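Asker: need a 3D model of the following:
(3 chains, ligands or ions: 6)
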Amino acid sequence: MLGKTEIRALLDARRPNYALERDLYCDPGVFEADLEQIWYKEWLFAIPAVQLTKTGAYATLQIGAYPVVIVRGADGAIRAFHNVCRHRGQRLCAKETGSAPKIVCPYHQWTYELDGRLLYAKDMQQSFDPAAHGLKPVACKTIGGMVFVCLADTPPDTALLEEKLSTYLAPSGIAEAKVAFTSTIVEKGNWKLVLENNRECYHCGGSHPSLCRTYSDSPTMTAMEGPDSAAPEILEHWKRCEEAGLPSRFTNEPKMQWRLARIPLLNNAESYTMSTKRAVNKLMGQMPFFDAGSLLFYHYPNSWNHFLADHAIVFRVLPVSATETLVTTTWLVPKDAVEGEDYNLKELTEVWEATNDEDRRVVEENQKGILSPAYEPGPYSTVVEEGVIQFIDWYCDLMSARLAPRPALAAE
Amino acid sequence: MLGKTEIRALLDARRPNYALERDLYCDPGVFEADLEQIWYKEWLFAIPAVQLTKTGAYATLQIGAYPVVIVRGADGAIRAFHNVCRHRGQRLCAKETGSAPKIVCPYHQWTYELDGRLLYAKDMQQSFDPAAHGLKPVACKTIGGMVFVCLADTPPDTALLEEKLSTYLAPSGIAEAKVAFTSTIVEKGNWKLVLENNRECYHCGGSHPSLCRTYSDSPTMTAMEGPDSAAPEILEHWKRCEEAGLPSRFTNEPKMQWRLARIPLLNNAESYTMSTKRAVNKLMGQMPFFDAGSLLFYHYPNSWNHFLADHAIVFRVLPVSATETLVTTTWLVPKDAVEGEDYNLKELTEVWEATNDEDRRVVEENQKGILSPAYEPGPYSTVVEEGVIQFIDWYCDLMSARLAPRPALAAE
Amino acid sequence: MLGKTEIRALLDARRPNYALERDLYCDPGVFEADLEQIWYKEWLFAIPAVQLTKTGAYATLQIGAYPVVIVRGADGAIRAFHNVCRHRGQRLCAKETGSAPKIVCPYHQWTYELDGRLLYAKDMQQSFDPAAHGLKPVACKTIGGMVFVCLADTPPDTALLEEKLSTYLAPSGIAEAKVAFTSTIVEKGNWKLVLENNRECYHCGGSHPSLCRTYSDSPTMTAMEGPDSAAPEILEHWKRCEEAGLPSRFTNEPKMQWRLARIPLLNNAESYTMSTKRAVNKLMGQMPFFDAGSLLFYHYPNSWNHFLADHAIVFRVLPVSATETLVTTTWLVPKDAVEGEDYNLKELTEVWEATNDEDRRVVEENQKGILSPAYEPGPYSTVVEEGVIQFIDWYCDLMSARLAPRPALAAE
Ligand code: FES
Ligand code: FES
Ligand code: FES
Ligand SMILES: [Fe+3]
Ligand SMILES: [Fe+3]
Ligand SMILES: [Fe+3]
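Answerer: Residues are numbered from 1 along each chain as shown, chains lettered A, B, ... in the order given. Ligands and ions are numbered 1, 2, ... in the order given. Got it, this is the predicted structure:
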């Protein structure tokens, strides 16, 4: 189990454009450092806001060692709390999703308001101060219909994300959609292998027969370096979409923690379906036409998303252990779309259900190979793995900086 | 994984009347210290003696890392041994209970007398000395029909326990009862959370609908500080019972490691049944009437018990890991009670089977919440959680003392 | 978790002819040392060569942390490689056995020749050098039809093994046999307990009713100290077999890492069957008659084998964790034997399938007993456990030497 100094040494010694050393993908000390330095400090995508439609609706998630509950209050606001009773520490909400007028602890029924205040604690002594025993808050922001949480006391700034994501998502109707389906899988691989897998399509041809009907694995499709540099078919797609009121151009956080860009699908496909046609017979939000392609949005460390004209698919990644990662996929459709009438659940979900399972298998075999002491980091393709290189650079730069020894104060 | 010094620091820093710090409920080093300082040193309740009716009957249990076998000898005495062959270390008895004329090792058939002496070892060299290879004994005492074992070389004194427990249990007929049923469950929680859960009824109203038909969750029912201080209905119950020859008054070990007291049931209930009536149509031992309530007996660290007029329920707790605990419940009925005639197994067991499962669930959710780094020990209610406070004080005082550095010898 | 110094101290302090101390059978640090000093340095039996009949046939195995693949090349040669892609470390072959014209990585389809050279890597940059990214080889030797691998860079010398094993196996036809059946079991015990179990028949009478029909548990059957010292019935068996062209006499590696010797079966049995008659109606290779007994071959740390007149049974042991071991058994029959006609699979395998399962159970109970801190190493029988003593001596001597501190260089 590596300590900070050893981890920094591994990061410092890494070869640019090469995969990471074995320990960075499996050592429990590295996993602990990843949690401390990234997962407990960055904004994480949690749920689409429409998952909590009514007052008292809640969703729970486990971020490393922290159980968290997200709940919609009587005022309509969505808040997050540590899902831990202030009495003897009971986990308050055990279900993944549910609804309750108040948050009542299942152990001794201490009762909290939906805004976290302790309302009632039976049989406590006179000296007990309920005001000092409200739920501990977790930072929570809803941006463009996506709920993000952050465990840090002083979360990173989100001004640019709020500006861009709200603008780009506005026509996609995420905030007025409904959840059609959610699937959760565990991949027996380090979270960074899950991310690396997502950030390239070098593997798509060999792994994803159904996705490849509609999604191009051409490196030119994602090789964009800014709002005006892209392959001609993409530039044209951007032009057409923007004229129809859809923000589409490549935009990104300066250190590439997140990126937004709209891409066309293959062969005039409308959606990620086996037929290449729309999966839902209604348009999301203000979408002007069905062949708008996919608005791609990734946000490190834990999300990638596809916003289509007829539905959206949002992905959430959560680390479980050094070699286990939870991936939750949620399909959103227009609020008024009726299952069986406007869409068929199998048609809607089958391509990404298959794709997720295909990715799970490659990630798991990737982890098994990397666990070998004979594993030696190989070179990424600068042609088709730019996304992976960029993710790994983001990871290494962030970790190096955060694990760096504090500089000595000058002249003291 | 914490070491002794860190554990002592946590114990020293604790806030009175508050739950313990997170690590004390989950750290593997603390679990190891709990084993070394408590589980391997204190007397532990093992089985009711009547579980071993005949010569050669045995029962096995696992105390931390130690497999132990308890066996009734040809002389009628009950003895305990390390369940490990002196040849190459085979576990001798694999079953939870069984019977055998001799203890024969399943590997190479070394054969031990029921008193532990090695009788026969095939094909050993001339120089081999069987007398030096008998089974290693474990301290074992049968008190009032309950078998206790202790792994320490010099077990703690039991004079007071022997006096009180034999006296109190005498009319309850434990030594002449029979085992009607045994259930074993694993609770995914630290053993101290299992004990805390047992030592309060603050949670009963919210968790135990069937138990609450007959068992009062009023704090006045258990808030007794001595043989003459109790609520009026209890004082009256004691009077009535003692006049009928049933020792009933609150009595305890000075440091509260154990306590005996008889309580009435709710609404003139006779037993822990859904109907509130007797579960068995015969009286235990010398019990004078059916509405004698329950003689409560707990013994730290691993047992609580209910001795009723018509049956008894004995509970044994064994630690499995920092976050797993085994709880074994045994129902005893009068030896001559016939199942299907004098009692119905479902009626006899359903209330505590349900209660155990309800407790398992709250303990497991308690552990999950406490595992959060955001968990902060909250205040116990001095109104309804006195029993928990008292258990935690017992635990902390004992551990502090045993983990204390040895004082330096003066003037050397 | 013990370090090198502590392990050496345990080895140094051991009592001759006694079982090892508890930690040597269960501590994770000892397991790590066993891997580093033995499993990653010694030749290990992997598979019978006939398991890979055709070009491109492969078999995989996991040696501690190392996944390895063994493959037959277009030139007929059998080679072994680290089963890890040189790109991003994917495990290349996931199945236990399979066949492929080239080794194609399932992640991004990098394609390797059967001799390990990288043939093709799609979409790599100009600067990429395929010649520098071939599969990493693992030392591999086929001796007498048995494939051995060694993870060391400089594997130990095999001259004596090659000479003796080829000679002894020549008439047994291992290289021209076929695989009739393979079984794999996990035993929840340390690998040394699995080996100890195999190296004595003190337990056979009590555990192996079906094997004991044909296999003698008399210590005189295996107590041979050289090519001319053995019990009269064995000397006579050797004479008869050698006159028929079968090398039979006891022969061994000087430090007893391996041994070859032919023994007669009990009661003129022909094979390890319930009927004591042949299991296969054809003779292996050049075997002259059916009642040739069994040619025994063990090779530390991971194999024991029985070569009979009508079939062969080869055993491979692989360590999984400090308390888990994988045992793979393969039954070989003459290449032209037809199932259902010349042999019946149940008759062929039932004795050793039962024996393996019986051994698994004793090994698992052995581990459970040894995990007790009350376990104390007992004396081996010098009458019937000479094989165990000899294995333990081999293990301790090797480990002591390899864990010894490097001597300081004199006069520098
Ligand atoms: S732990 Fe929540 S009310 Fe007691
Ligand atoms: S281990 Fe018990 S007789 Fe051998
Ligand atoms: S990991 Fe093998 S080709 Fe990419
Ligand atoms: Fe993929
Ligand atoms: Fe309870
Ligand atoms: Fe055996």
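
Asker: going by C-alpha atoms from here, please, whenever you check contacts or count neighbours.
Answerer: Will do.

Asker: longest helix in chain A, by residue count?
Answerer: Secondary structure of chain A per DSSP state H: the longest helix is helix A:345-370.

Asker: for the residue in the stretch 201-350 of chain A that ligand 2 sits nearest to, what are its contacts?
Answerer: Closest contact between the stretch 201-350 of chain A and ligand 2, by C-alpha to the nearest ligand atom, is at residue A:323 (38.4 Å). Residues in contact with residue A:323 (C-alpha atoms under 8 Å, 6 or more residues apart in numbering or on different chains) are A:25, A:26, A:188, A:189, A:190, A:191, A:367.

Asker: what do you get if the cut-off is 7 Å, keeping everything else the same?
Answerer: For residue A:323, the contact set (C-alpha atoms under 7 Å, 6 or more residues apart in numbering or on different chains) comprises A:26, A:188, A:189, A:190.

Asker: quick one: which of those residues is nearest ligand 3?
Answerer: For the contacts of residue A:323, the residue nearest ligand 3 by C-alpha to the nearest ligand atom is residue A:189; the value is 14.0 Å.

Asker: so the closest one touches residue A:361, yeah?
Answerer: No. Taking C-alpha atoms under 7 Å as the definition, residue A:189 is not a contact partner of residue A:361, at 9.6 Å.

Asker: what residues does the stretch 1-150 of chain A have near ligand 1?
Answerer: Proximity of the stretch 1-150 of chain A to ligand 1, by C-alpha under 6 Å from any ligand atom, involves residues A:85, A:87, A:88, A:89, A:90, A:105, A:107, A:108, A:109, A:110.

Asker: can you read off the pLDDT for the nearest residue to residue A:122 once chain neighbours are set aside?
Answerer: In this structure, residue A:122 finds its nearest non-sequential neighbour in residue A:110, 6.9 Å apart by C-alpha to C-alpha, 6 or more residues apart in numbering or on different chains. pLDDT, residue A:110: 98.

Asker: isn't residue A:110 right up against residue A:121?
Answerer: Yes. Under the criterion of C-alpha under 7 Å, residue A:110 makes contact with residue A:121 at 4.6 Å.

Asker: my read: residue A:276 touches residue A:268, true?
Answerer: No. Using C-alpha under 7 Å, residue A:276 makes no contact with residue A:268, being 8.0 Å away.

Asker: so between the two, which is more surrounded?
Answerer: Comparing residue A:276 with residue A:268 by other C-alpha atoms under 10 Å in any protein chain shown, the one with more neighbours is residue A:276, at 19 against 14.

Asker: how about the contacts made by the more buried one?
Answerer: A:213, A:214, A:269, A:270.

Asker: wait, a helix at it?
Answerer: No. According to DSSP: H, G, I helix; E, B strand; the rest coil, residue A:276 belongs to no helix; its state is coil.

Asker: neighbours around the residue nearest to residue A:372 when sequence neighbours are not counted, how many?
Answerer: Spatial nearest neighbour of residue A:372, chain neighbours left out: residue C:66 (4.8 Å); criterion: C-alpha to C-alpha, 6+ apart. For residue C:66, the neighbour count with other C-alpha under 10 Å is 21.

Asker: hmm, residue C:66 is touching residue A:369, no?
Answerer: No. If you go by C-alpha under 7 Å, residue C:66 and residue A:369 don't touch, sitting 8.4 Å apart.

Asker: now stretch A:390-401 - C-alpha only, CSV.
Answerer: Extracted in CSV, the C-alpha atoms of stretch A:390-401 (Å, rounded to 0.1, in the frame of the first residue of the first chain):
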residue,chain,number,x,y,z
GLN,A,390,-5.9,14.0,-22.1
PHE,A,391,-7.7,12.3,-19.2
ILE,A,392,-4.5,10.8,-17.9
ASP,A,393,-2.7,14.1,-18.1
TRP,A,394,-5.6,15.8,-16.2
TYR,A,395,-5.4,13.1,-13.5
CYS,A,396,-1.6,13.2,-13.2
ASP,A,397,-1.4,16.9,-13.1
LEU,A,398,-4.1,17.2,-10.5
MET,A,399,-2.7,14.5,-8.3
SER,A,400,0.9,15.7,-8.6
ALA,A,401,-0.2,19.2,-7.5
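
Asker: that one: which residues count as buried?
Answerer: A:390, A:391, A:392, A:393, A:394, A:395, A:396, A:399, A:400 (16 or more other C-alpha atoms under 10 Å in any protein chain shown).

Asker: which part of the stretch 51-200 of chain A gets nearest to ligand 3, residue-wise?
Answerer: residue A:197 (10.2 Å).

Asker: ok, back up a step: what sits opposite the residue nearest to residue A:372 in the beta ladder?
Answerer: Legend: beta-bridge partners of residue C:66 under DSSP bridges are residue C:63.

Asker: tell me, how many residues neighbour the residue nearest to residue A:148 when sequence neighbours are not counted?
Answerer: Nearest non-adjacent residue to residue A:148, counting by C-alpha to C-alpha, 6+ apart: residue A:45, 4.4 Å away. The number of residues packed near residue A:45 is 25, by other C-alpha under 10 Å.
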